[in-house]
Structures are given as C-alpha cells and as structure tokens.
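> one predicted model, sequence on top.
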Amino acid sequence: MTAVRILGIVAGVGLFLMAIQAYDRRRISRLNLITVTVLGTALVVLSLRPSVYGPVFDWFDIVPGAERRVIFVLVLGVLLLFFLVLGLQSGSDTNDRGLRLLIEALGRERFDWDRAAALPEGRRIVVISPAYNEQESVGDVVRAIPREADGLQVIPVVVSDGSDDATARRARDAGALVTELPIRRGGGLALRVGYEIALQLGAEIVVTMDADGQHLPSELPVMIRPIIDGSADYVNGSRILGDFERESLLRHLGVHLFARIVTVLTGRRITDPSSGYRAARAELLQRFVLEEDQFWTSEILIEALRHRARVVEVPVTIVARAGGESKKPTSLRYGWSFSKVIVQTWLR
C-alpha cells in the first residue's frame, strides 16, 4: 500500500472523528455529520479498494497510467471542497446578518426615548459617540459638548457597544441620551444604530465624535460650518491639516498610506481617511449602504464620495485618549483590515 493511500485512510478516519466530536458539542447539524461521514467513508474506500470506483473512472474515460486517476480524484475533491465552503460561508453570512439586524433592533428599542420626548422642539444637531468601556472619559466628553451651535440645539447620543462598566450610567449622568447594545460588535454597528436614532430624532446634521476624549468638542463649530454655510454635504476632520499627538511612527505612516490609497481610488484628495470626527447632512446618511461592524471610518467616507457628495476636510486636533485603554488591534492587523474595507467599499 502506497503512502498516498495510507494518508487517504488516515484523513478519512480523522474527518469522521472530528465530525463526531463537533456534533457532540452541537457545533454542526446532523445533516453536516451525515455529509462528512459519507465523504470520509468514500475517501477510505477509495484508499483501500480503488477498483470499486472503476466504473466511475470508465464513465469519465479516465484510463490508468500517468497518475491520471489520482489527478482526477484531486480535481473532484477540490471542486467538492469549494462547494462545501461556499455553502458554509453562505449560511454563516445569513446567520451573521440576522444577528446584526437583531442587535441593531435591540439598540433602537433600548434608547432613552422617554427622555428624548422631553427635548425642546427646533432644529437639531445630533452628536453620536460609540463607546466601549469608556467610563473614565465619556462623562467629560459629553459635558464638554456645546448644547447650541449656529442656532441649532446639540443633542449628545452615546451608543454603548456592549460595555460591561459604568459607561452608560456616566454618559446619562453627564446629560447624554443613551442606548446599550447587548453585546460588543464594533464601532461600525454602534454607529449605524446611532445614525438611525439621529434620523428618528429629526436631526439636520449628524456628527460622530469619539468617546475617549481624543476629539475636542470645542471644535464642533468648525466641523459643521461648511454644512451650515452650504458649501459641503460631508465634513471630514483631518489631523494632517490640523494638529495631533502621534501614537506611533507606524500608525502615522499608515494614515498617509491610507490617504494615498483613498485618493487614488476615488480621485479626490483626502488627507485623513481614518479620522472618526465627521459631520454629515442627515439626508445624505439615508442613502448610505453601511455594512462594516469595524473599521468603519473609511467605509463612510468612501460611501460619501460614491454618492458624489460635496466632501470637505477641515483641520482638527487629535489628542491622546483621556483615560482607559485603546481598543484598536495591533498596527499590522489594523492596517490590513482597514485596507480591506477600503477596497471592498470601493468595489460595491
């Protein structure tokens, strides 16, 4: 018996045993168990008695010699694996979308609608701050947000992204309207919930601002001015045009690299695509297709450019976080994921 056939027997038996274990732990369904069992058995039979599949080889006119039958089996295996992975991915995507919609619905339902009903009538700017375990800084950020800008009332909204500390309570105590997501899914999903709430509150302008104190609430008038005077639909706060406290040389270089990528892909000069300090007309947000749960800053910017919105960058100041720990992944992982989101959004 050749080494290839021995390997086939081991693989078939191993596949079956792993399927049994996964089924016992309720990780796969009975249908998947049956499918894997059939495939594993077929592989073992092929390795022990290749002659059993002689009629199949003859039907496809695969004659012995020159490893033709081995190549044929490998091609069939690759095709079968491809369709199995495609089916699993489709099911995973469906489940993920269902979970995402459920969390978004719960986020809207848990919002402080009773407190929102008591807000005075008038034109509104809604400032959305996604927050995950930002109890040390969120209160100061909310209190620093001006309650009026250019004749519009400013309403701070904090979306607690599955926080397990006092983020929600401290945001409410500081005067923000709050919703709490049941589990953490990322700033992108939290922001989508915030956008939907802002639209239901009748916002004319929606601003996004980090809850960790890196963005200065005092610069809010600078962010909304181009929209107020009618020269922009979407405003991007740029640390490159303004000032910033550098986190690391690698992240600093990453900002310039991402800026170059976005500029080349969209044909519009952008200096800071990773800034989370943004402002947009509410009616523009209604046309956006937002799907990313994380690394959302580039997605929103490219969506604005895809809809031919008038995008303007203004100088802002990015400072070191006021407290707590950064939730960003390592620089290399962040860079890879951020780049992937840029390309995926551009290809839509």
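Received, thanks.
> switch to C-alpha atoms for all contacts and neighbour counts from now on
OK.
> need the residues that contact the least confident helix or strand in the chain by mean pLDDT.
Lowest mean confidence among the helices and strands of the chain (mean pLDDT, DSSP states H and E): helix 331-347, at a mean of 75. With contact meaning CA atoms under 8 Å, 6 or more residues apart in numbering, helix 331-347 is reached by 250-251, 254, 258, 262, 265-266, 292, 295-296, 298-299, 302-303, 306, 328.
> name the nearest of the residues you listed relative to Gly139.
Lys328 (21.1 Å; CA to CA).
> quick one: pLDDT of that closest one?
What the model reports for Lys328 is a pLDDT of 63.
> do the same with Ala117
Ala117 is given a pLDDT of 95.
> for Arg49, same thing?
For Arg49, the model assigns a pLDDT of 83.
> the contacts of helix 331-347: which two are farthest apart?
Across those, no pair lies farther apart than Leu250 and Arg306, at 28.9 Å, counting by CA to CA.
> domains for the protein, by residue range?
Following automatic domain parsing, one finds the domains of the chain at 3-105, 110-347.
> worst mean pLDDT among the ones you listed?
Of all those, mean pLDDT reaches its minimum on domain 3-105 (a mean of 81).
> sorry, back to before: buried sites along the least confident helix or strand of the chain?
For helix 331-347, burial by neighbour count (16 or more other CA atoms under 10 Å) applies to Gly335, Phe338, Ser339, Val341, Ile342, Val343, Thr345, Trp346.
> same deal with stretch 232-245?
Neighbour-count burial for stretch 232-245 [16+ other CA under 10 Å]: Ala232, Asp233, Tyr234, Val235, Asn236, Gly237, Ser238, Arg239, Ile240, Phe244.
> export these as a markdown table, with columns for secondary structure and distance to Ala280.
Formatted as a markdown table, the entries for these read as follows, by DSSP: H, G, I helix; E, B strand; the rest coil; distance: CA to CA, whole Å:
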| residue | secondary structure | distance to Ala280 |
| --- | --- | --- |
| Ala232 | coil | 8 |
| Asp233 | coil | 6 |
| Tyr234 | strand | 4 |
| Val235 | strand | 6 |
| Asn236 | strand | 9 |
| Gly237 | strand | 11 |
| Ser238 | strand | 15 |
| Arg239 | strand | 18 |
| Ile240 | strand | 20 |
| Phe244 | strand | 23 |
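> now do the phi/psi pair for Val154.
Note on Val154: its backbone torsions stand at phi -110, psi 130 [degrees, to the nearest 10].
> and for the one 10 residues further on?
Phi and psi for Asp164, reported as degrees, to the nearest 10, are phi -110, psi 20.
> how many neighbours does it have?
By other CA atoms under 10 Å, 15 other residues sit near Asp164.
> distance check, the closest residue to it other than its chain neighbours against Leu332.
Computed as CA to CA, 6 or more residues apart in numbering, the closest residue to Asp164 that is not its neighbour in sequence is Asn133, at 6.5 Å. Plainly put, Asn133 is 24 Å away from Leu332 if you go by CA to CA, to the nearest Å.
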